[in-house]
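*Asks:* Here's a sequence, model it:
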Amino acid sequence: MSYIVMARKWRPRSFESVVGQDHIVRTLKNAIHANRISHAYLFTGPRGVGKTTTARLVAKAVNCLSPEVGEPCNHCVRCEEIQGSTTTDVIEIDAASNGLVDDARELREKVRYAPVACRYKVIIIDEVHMMSNAAFNAMLKTLEEPPAHTVFILATTESHKVPATIISRCQRYDFRRIPETEITERLAVMAAAESIEINEEALHVIARGAEGSLRDAQSLFDQIISFSGNSIKTSDVVTVLGLVDTQIFIDLVEAIATQDASRALRVLDQLVNNGADLRLFMKDWVEYWRQLVIVRVVSNPQDELLHLSGQVAEMVDRQAKLFPLDELINLAKMAALTDDELRRTQHPRFLLELFLLQLCSANRVVSLETLWRELQAMEERIVTLPENVAVSGAQVNTTSTAVSEAPESIVKPVETEPTVSQAGEPALVVDTLEEVVTTGYLDTVRENWTHIIDAVGQKNRRVQALLRDVTLTGAEEGLIELACLSTYHLTGLEKDDVRKLIESVLAAELGRRTRVQLTCEAAETPTDAETQIAPEDRKKEFDEISRKEPLVKKTLEMFGGQIVDIIPKHPSGGNK
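*Replies:* Numbering: from 1, shown residues only. Purely as a prediction, here's the structure:
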């Protein structure tokens, strides 16, 4: 058989040719050069990353007649014998078929004899985790104290299955997945040597399909050469490997960005008609979402975290800018969850269609920074509202809990002139509790009021937000009076569970059982306009304000609320 597959033909013949394992190569070369050779090594890592190849290089290096700084010369008799697998002093064993206790006992007998020609007898046991427990136990003593002329090299992809007693007797080397860039560079060298024409993007697709295994990449490259000949295009690679063309990802992301559900479903239909594996497609698409998120964070499409080629990097960078970072992260999370569900469903196409519809119909996420700028702009512009809104101190009430709990610094009350009574004189305003009631009990409640509100907040923050807007108007033994800012506050605080919560906190803070009496200032002191305008006319007034005033309209749209009342400004500066 004259033809040799790429993986064997391009197997490294020296440590310098090993790809992606510099930390291991350097350590082994230094140890061999300093003659600090261990009696047992354990090589562990994913498939196709160089474990067995490195074991053979160690066997050559320790037996080479003319080593060069830890490297085998590849020209002496020993190197050629080991390279051609003709020496009896380097024994390779497949533990999957030689893992019984009898095999271990036979091996134990072999290592007792000195090597025939080499300096060391090297025993390479591949997939050592397949050995039985009895076989492992039979090897313990030999592995711990082997003859001086013996070196054991154990290789495995599943080190967690190797007993700790075996691992502790070895020097352990963890092989890593090979980065896509290094696989691409190696494939480019092979293509040039074999006179194969292939573009960089096609090499990246092969490297991505190999998932960190150089041997897999070489096997795929071999397969694609058989399909395309000496001139390979990206489309050929995609066809042979059954991968999804990157253009599909581009079209889907653009459809999601424009919320074009019809286009997204047509792209998916095209994918299904082409015979693509939807589970494999979703796996690759999740990786594409990862690239979009990472490129927004690192701000460099060609960063080492991404390993993208120039053209693909530009495309990923452009699409990443179609979404805010917060929204991009949410979309990527949804894609990852769908990928997990797709592995278990019997209806992958229907699940993907629902997923695409969900992404295309999802509300756009507004970042907190953007929302903060909007609110600041509203605060600056609120002073320019017409007199019929600004002087009245219009307050928008919504059903959103977040509005009730918003910090007071977000929207400041509008400064207005003091209200005037019908007699033309300023209305009497009471600013301090001492002017109303000077009893000792009221002073006690007043001094502890802040602590009371904080204690309520530890149990229910929404109730805490409501209490911050009420006024303590009176107190006597076992009873306090609270004036609510509006009917909204009154309704929220009148609920049985809320009232019980407040009274339990009062009992704990004041040391006695205390009831709460609630009143509503807005209900007690209606304005002249409120007493004269019919409800239907007042609703028309609210609708007119929300239609004519862009700031009020935008606020209602942002929080999904409606105007339920216009409450006049309190003369002391707070809302009445």
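*Asks:* and residue 188, that's in a strand?
*Replies:* No - according to DSSP: H, G, I helix; E, B strand; the rest coil, residue 188 belongs to no strand; its state is helix.
*Asks:* Just give the number of residues close to the nearest residue to it once chain neighbours are set aside.
*Replies:* Among residues not flanking residue 188 along the chain, residue 203 sits closest, at 6.0 Å (Cβ to Cβ, 6 or more residues apart in numbering). In this view, the C-beta of every residue, glycine as well, is placed from N, C-alpha and C. Here the neighbour count serves as a burial measure; for residue 203 (other Cβ atoms under 10 Å) it reads 25.
*Asks:* quick one: contacts for residue 203?
*Replies:* With contact taken as Cβ atoms under 8 Å, 6 or more residues apart in numbering, residue 203 is in contact with 184, 187, 188, 191.
*Asks:* change it to 6 Å
*Replies:* 184, 187, 188 (Cβ atoms under 6 Å, 6 or more residues apart in numbering).
*Asks:* Show me the helices in the stretch 1-150 of the chain, by range?
*Replies:* Under the criterion DSSP state H, counting those that start in this stretch, the stretch 1-150 of the chain carries helices at the ranges 6-9, 22-33, 51-63, 77-83, 101-110, 133-144.
*Asks:* for the ones you listed, which one ends up most surrounded?
*Replies:* Across the helices of the stretch 1-150 of the chain, averaging neighbours per residue (mean count of other Cβ atoms under 10 Å) puts helix 51-63 on top, at a mean of 24.
*Asks:* Need the contact partners of that one.
*Replies:* Surrounding helix 51-63, the residues in contact under the criterion Cβ under 6 Å, 6+ apart are 11-12, 15, 32, 37, 43, 45, 72, 78-79, 82, 90, 118-120, 122, 124, 126, 153, 155, 175.
*Asks:* hang on, residue 154 in a helix?
*Replies:* No - applying three-state DSSP, one finds residue 154 to be strand, outside a helix.
*Asks:* Nearest to residue 354, out of the helices of the stretch 1-150 of the chain?
*Replies:* Residue 354 lies closest, by Cβ to Cβ, to one member of the helices of the stretch 1-150 of the chain: helix 6-9, at 42.1 Å.
*Asks:* pLDDT (mean, whole number) over the closest one?
*Replies:* Taken as a whole, helix 6-9 has a mean pLDDT of 88.
*Asks:* what does stretch 98-108 give?
*Replies:* When pLDDT is averaged along stretch 98-108, the result is 86.
*Asks:* Likewise for stretch 562-572?
*Replies:* Computed over stretch 562-572, the average pLDDT equals 60.
*Asks:* quick revisit: so which of the contacts of helix 51-63 sit within strands?
*Replies:* Assigned to strands by DSSP state E, the following of the contacts of helix 51-63 qualify: 43, 90, 122, 124, 126, 153, 155.
*Asks:* Can you flag the buried ones in those?
*Replies:* For the ones in strands among the contacts of helix 51-63, burial is judged from neighbour counts taken by 16 or more other Cβ atoms under 10 Å, and it is met by 43, 90, 122, 124, 126, 153, 155.
*Asks:* Which two among those are spaced furthest apart?
*Replies:* Based on Cβ to Cβ, the longest span within those runs between 43 and 90 and measures 15.4 Å.
*Asks:* Isn't residue 279 up against residue 342?
*Replies:* Yes - at 5.5 Å, residue 279 and residue 342 qualify as touching, with contact defined as Cβ atoms under 6 Å.
*Asks:* thinking again about what came up before, whichever of the contacts of residue 203 end up buried, select them in PyMOL.
*Replies:* For the buried members of these, the matching PyMOL selection, counting by 16+ other Cβ under 10 Å, is:
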select buried, resi 184+187
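*Asks:* Pipe the contacts of residue 203 into a markdown table and attach distance to residue 289 per row.
*Replies:* As requested, those are exported to a markdown table (distance: Cβ to Cβ, whole Å):
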| residue | distance to residue 289 |
| --- | --- |
| 184 | 22 |
| 187 | 26 |
| 188 | 28 |
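*Asks:* Can you show me the strands along the stretch 351-500 of the chain?
*Replies:* Chain-ordered strands for the stretch 351-500 of the chain, with DSSP state E, counting those that start in this stretch as the definition, fall at 471-476, 479-484.
*Asks:* Could you tell me the angle between the last one and strand 471-476?
*Replies:* When axes from the mean of the first three to the mean of the last three Cα atoms, to 10 degrees is applied, the directions of strand 479-484 and strand 471-476 differ by 170 degrees.
*Asks:* okay, and for this protein, where does confidence drop off?
*Replies:* 1, 299-311, 362-371, 373, 379-440, 521-542, 545-548, 559-561, 565-576 (pLDDT under 70).
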